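Participant: Sequence below, structure please.
(one chain, ligands or ions: 2)
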Amino acid sequence: MRSPKDFFRPLAVGAPAPVREVPFRPSRMIHFFDPGNEKMAAKVPAIAPTVDVLLGNLEDAVAADRKEAARSGLVSIARTTDFGDTQLWTRVNSLDSPWVLDDLVTLVTEIGDKLDVIMVPKVEGAEDIHYVDRLLAQLEAKAGVQRPILVHAILETATGVANVEEIAGASPRMQGISLGPADLAASRRMKTTRVGGGHPGYLVREDPRGEDQPRATYQQDLWHYTIARMVDACAAHGILPYYGPFGDIRDTVACEDQFRNAFLLGCVGAWSLHPVQIDIAKKVFSPAPADVAWARKVIAAMGDGTGAVMIDGKMQDDATYKQCQVVARLADELAARDPELADAYAAAEKE
Ligand SMILES: CC(C)(COP(=O)(O)OP(=O)(O)OC[C@H]1O[C@@H](n2cnc3c(N)ncnc32)[C@H](O)[C@@H]1OP(=O)(O)O)[C@@H](O)C(=O)NCCC(=O)NCCSC(=O)C[C@H](O)C(=O)O
Ligand SMILES: [Mg+2]
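Facilitator: Ligands and ions are numbered 1, 2, ... in the order given. Model (predicted):
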């Protein structure tokens, strides 16, 4: 094992220096598209300005005989598209697949200067990140890439969940972690057949109220434990947590609920699999204007952030001040990218 002093040293001669802090860039929605699918690829220039992150997917949902088309499609799209300040990410194939080595070699050497983040699926432990970390450093050096490409892990195996803290801290390249509920369900032998979301059978029932009285049931969140654990691991290591995919494209209401649960627990974004999910993520992962106005009111009333004050009947102290700073800072960062949101925040403050 390397000394902790070497943590921030480049892993190959000529590779760019690792980042010391993960740069926060808005990433409310990571929009997935298949770069080998001509219809989807044609929509990329129009979608780019409407999303925070565009992700060219090479892994699951791309058929085995379309892997090379997806890879070369992504190279061509990256070279010919003006992404503005929208980030370009990719999801490569899993580390045990026959495609991943060519994915990494091709993408870093051909379009390494365009790629912000590489998402690695089915990460099981720190050793998976160490492998990718060293290989990326070698390829960046070979290709003359000037800034390090960051790494994002998908939490989608039981072993990965068991090792989530060591994954989060495995490398200064670690940008964040997404929940992958579909693969995780299979790995855990859960009895669901869905991509994220709830299940009507996972419920609690109220106590008996008397003979023949109906008893209410309350559906529970299958993903609460894993998301909370992932959020803690990410926060402890200064990286960003994300909810992943919601597969019931038509159920926009439940998608919004799932995204909001993740937002409230600390996630900064989710995946959009279809254009209809882009605005849902934008709405949910941008703090509501009224909440931002409230946060600013508390911050203003709290002065140096110590002591206790009463606002509208609610006690505020150092801890609520810190929560309000989280909301206000996120609002500032999103407003800098999104003028409509900036206007909505300014209007709410005047009310
Ligand atoms: C889910 C889809 C297969 C649905 O596609 P389609 O049947 O074509 O839907 P529509 O007819 O409603 O589409 C309308 C038009 O929009 C285009 N479209 C659809 N999706 C996208 C997109 N993501 N980006 C850009 N454009 C898109 C269609 O081509 C239609 O165009 P037109 O005919 O010209 O009007 C499809 O949405 C899809 O494949 N989405 C991505 C799926 C994906 O990436 N899945 C992998 C991620 S989830 C996962 O891997 C699980 C995870 O790892 C885990 O373990 O949990
Ligand atoms: Mg998966």
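Participant: And the strands in the chain?
Facilitator: 29-33, 53-57, 87-91, 117-120, 150-155, 174-179, 203-205, 217-219, 240-242, 270-272, 309-311, 314-316 (DSSP state E).
Participant: Direction included, what does the third one pair against?
Facilitator: This means strand 87-91. strand 53-57 (parallel), strand 117-120 (parallel) (DSSP bridges).
Participant: distance between it and the chain's centre?
Facilitator: 11 Å (Cα atoms, centre = their mean, to the nearest Å).
Participant: where does the residue of the chain positioned farthest from its centre fall, phi/psi-wise?
Facilitator: Going by Cα atoms, centre = their mean, the residue of the chain most distant from its centre is Glu211, 48.3 Å out. Here is the backbone geometry of Glu211 (degrees, to the nearest 10): phi -60, psi 140.
Participant: Distance of it relative to Leu203?
Facilitator: Glu211 is 22 Å from Leu203, where distance means Cβ to Cβ, to the nearest Å. For glycine as for every other residue, the C-beta is placed from the backbone atoms N, C-alpha and C.
Participant: Can you name the residues of the stretch 51-200 of the chain sitting close to ligand 2?
Facilitator: Contacts of the stretch 51-200 of the chain with ligand 2, taken as Cβ under 5 Å from the ion, map to 156, 180, 183.
Participant: wait, what's in contact with the residue nearest to the second one when sequence neighbours are not counted?
Facilitator: What it means is Gly180. Excluding its sequence neighbours, the residue lying closest to Gly180 (Cβ to Cβ, 6 or more residues apart in numbering) is Glu156, at 2.9 Å. Counting by Cβ atoms under 8 Å, 6 or more residues apart in numbering, Glu156 makes contact with 121-122, 179-184, 187, 244.
Participant: wait, which of the residues you listed is closest to Ser27?
Facilitator: Among the contacts of Glu156, Gly244 lies closest to Ser27 (Cβ to Cβ), at 12.8 Å.
Participant: The closest one: neighbour count?
Facilitator: Around Gly244 there are 29 other residues, counting by other Cβ atoms under 10 Å.
Participant: Find the residue at the geometric middle of this structure.
Facilitator: Central residue of the chain (Cα atoms, centre = their mean): Tyr242, at 3.2 Å.
Participant: Dig out what that one forms beta bridges with.
Facilitator: Ser178, Gly269.
Participant: what's it in contact with, if anything?
Facilitator: 27, 30, 176-179, 262, 267-271.
Participant: now swap in Pro287 and tell me
Facilitator: Contacts of Pro287 (Cβ under 8 Å, 6+ apart): 295, 327, 330-331, 334.
Participant: Check Gln219 too.
Facilitator: 198-200, 202-203.
Participant: buried subset of those residues?
Facilitator: Among the contacts of Gln219, the ones that count as buried by 16 or more other Cβ atoms under 10 Å are 198-199.
Participant: Turn the contacts of Gln219 into JSON lines, columns for pLDDT and distance to Ala168.
Facilitator: Output for the contacts of Gln219, formatted as JSON lines (pLDDT from 0 to 100; distance: Cβ to Cβ, whole Å):
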{"residue": "Gly198", "pLDDT": "94", "distance to Ala168": "26"}
{"residue": "His199", "pLDDT": "96", "distance to Ala168": "28"}
{"residue": "Pro200", "pLDDT": "96", "distance to Ala168": "33"}
{"residue": "Tyr202", "pLDDT": "97", "distance to Ala168": "27"}
{"residue": "Leu203", "pLDDT": "97", "distance to Ala168": "32"}
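Participant: closest to Ala254 among the contacts of Gln219?
Facilitator: Of the contacts of Gln219, the one sitting nearest to Ala254 (Cβ to Cβ) turns out to be Gly198, at 7.0 Å.
Participant: how about the nearest residue to that closest one, chain neighbours excluded?
Facilitator: Per Cβ to Cβ, 6+ apart, closest to Gly198 is Gln219, 5.3 Å.
Participant: Can you get me a residue count around the residue in the stretch 51-200 of the chain positioned nearest to ligand 2?
Facilitator: Nearest to ligand 2, among the residues of the stretch 51-200 of the chain, is Asp183, at 3.6 Å (Cβ to the ion). Applying the criterion other Cβ under 10 Å, we find 19 residues in the vicinity of Asp183.
Participant: And the pLDDT for it?
Facilitator: Here, the pLDDT recorded for Asp183 equals 98.
Participant: same question, Leu58
Facilitator: pLDDT, Leu58: 98.
Participant: measure the nearest residue to it once chain neighbours are set aside to Gln175 for me?
Facilitator: Residue nearest to Leu58 in three dimensions, not counting chain neighbours: Ala70, with 4.9 Å by Cβ to Cβ, 6+ apart. Counting by Cβ to Cβ, the separation of Ala70 from Gln175 is 22 Å.
Participant: picking up where we left off before, any idea which of the strands paired with strand 87-91 gets closest to ligand 1?
Facilitator: Closest approach to ligand 1 among those (Cβ to the nearest ligand atom): strand 53-57, 4.7 Å.
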